[in-house]
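S.K.: here you go, sequence then predicted model.
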Amino acid sequence: MEYVTAAPHPRSEATPARAGRRSLAMALLCGALGAAVALLATRQQWSEGTATVAGGAFPLTAKGSDVTGVPAALAIVGLAALVAVFAVRRTGRYAVAALLALCGVGTVVAALLGASDSAALDEQAAQASGDTSATVDALSHTAWPYVAAAGGALILLAGLLALRYGRLWPAMSGRYERSGAPRPRRAAAPTDPDRPEDLWKALDRGEDPTTGAGPA
C-alpha cells in the first residue's frame, strides 16, 4: 500500500513571511511614534500652581523635563534599541528586544508618577518666596503626563513585537561586517626614475627609488 505525501500549501509557507513583514512594520511605527510622542510630551507643561510672595499669588509652571527626565531618556534609549534590533541576531536580538520593552515600561511608570508630582513646583515656590519650607498652592496637572505614558505604551508594544516576531525579521548583511583577517597588500607599481612623482611616491613608501628595494 502506497502513501502519498501531500505537498505543503504555498499559503502556509507564505504565512510566516507575511507575519514577519507586518510585525516589522508595526514595530517600527510604534517604536518611532512612541519615542516621538514621549519626547514631545516632556517638553510641554505638566503642572501649574501658585506661590505666596509678598502677600500675593505668584504663578508657577513646570514642564515635563522639570518634573522628571526619565521618560525622555528612556525614549531615546528605546529608539536606539529599535535600530539595534537589526544589527544583532539570535540571543542578542532577544536581549535588545527585551531592553526595548523595558524602556517602554519605564517610560509609562515614570510618566504616571510625574502626573501627581509636586516636587518641581515646591522647589520653585521655595525659590520665589525665599522660604525653604514653602510649598506650591492650588496645584493642578495637565494631560501631558498621560500622553507621555501613551508614548511609552507604544514603545512597549514595539518591544513585545520584537520579542515575538524578531526571529522573522531581516538582519544587516554580513557583507558590511569587517573580518579580522588582514587585507593583502597591493603590489607597488614599478618606479620610473624619469618621473619625479614616482620617485616621491617611492620615498613615501619607504623604498629606495635608485635600487628598487622594498620598504626598509
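M.R.: Ah, there it is.

S.K.: tell me how this protein divides into domains.
M.R.: Here the domain assignment for the chain is 19-169, 190-216, based on automatic domain parsing.

S.K.: just put the ones you listed in JSON lines and tack on mean neighbour count and mean pLDDT.
M.R.: Every C-beta, even on glycine, is put in place using the N, C-alpha and C of the backbone. Shown next, in JSON lines, are the domains of the chain (neighbours: other Cβ atoms under 10 Å; pLDDT from 0 to 100):
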{"stretch": "domain 19-169", "mean neighbour count": "19", "mean pLDDT": "91"}
{"stretch": "domain 190-216", "mean neighbour count": "12", "mean pLDDT": "58"}
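
S.K.: and the strands in this protein?
M.R.: 45-53, 56-63, 137-141 (DSSP state E).

S.K.: same list (those strands) but as TSV, adding distance to Leu82.
M.R.: Formatted as TSV, these follow (distance: least, Cβ to Cβ, whole Å):
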stretch	distance to Leu82
strand 45-53	26
strand 56-63	25
strand 137-141	30
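
S.K.: what residues does stretch 140-149 touch?
M.R.: 37-38, 40-42, 44-49, 64, 67, 71, 107-108, 111-112, 114-116 (Cβ atoms under 8 Å, 6 or more residues apart in numbering).

S.K.: between the two ends of it, how far is it?
M.R.: In stretch 140-149, first residue to last residue: 18 Å (Cα to Cα, to the nearest Å).

S.K.: just checking, what packs against the longest helix anywhere in the chain?
M.R.: When the chain is parsed with DSSP state H, its longest helix is helix 10-42. Where contact means 3 or more Cβ pairs under 8 Å, 6 or more residues apart in numbering; DSSP states H and E, helix 10-42 is packed against helix 64-67, helix 70-84, helix 91-114, helix 144-165.

S.K.: for Thr15, find the nearest of the ones you listed.
M.R.: helix 144-165 (12.1 Å; Cβ to Cβ).

S.K.: how far does that closest one sit from its chain's centre?
M.R.: 13 Å (Cα atoms, centre = their mean, to the nearest Å).

S.K.: same check, this time on stretch 86-101
M.R.: Taking the mean of its C-alpha atoms, stretch 86-101 sits 12 Å from the chain's own mean (Cα atoms, centre = their mean).

S.K.: same thing with stretch 45-65?
M.R.: The answer for stretch 45-65 is 34 Å, by Cα atoms, centre = their mean.

S.K.: list phi and psi for Ala54.
M.R.: With angles defined as degrees, to the nearest 10, Ala54 sits at phi 50, psi 40.

S.K.: could you measure from it over to Pro145?
M.R.: Ala54 sits 32 Å away from Pro145, going by Cβ to Cβ, to the nearest Å.

S.K.: with Val67 instead?
M.R.: In terms of Cβ to Cβ, Val67 sits 8 Å off from Pro145.

S.K.: between these two, which contacts overlap?
M.R.: In contact with both Val67 and Pro145: 46, 114, using Cβ under 8 Å, 6+ apart.

S.K.: touching, Ala27 and Leu156? I think so.
M.R.: No - Ala27 sits out of contact with Leu156 when judged by Cβ atoms under 8 Å, with a separation of 11.1 Å.
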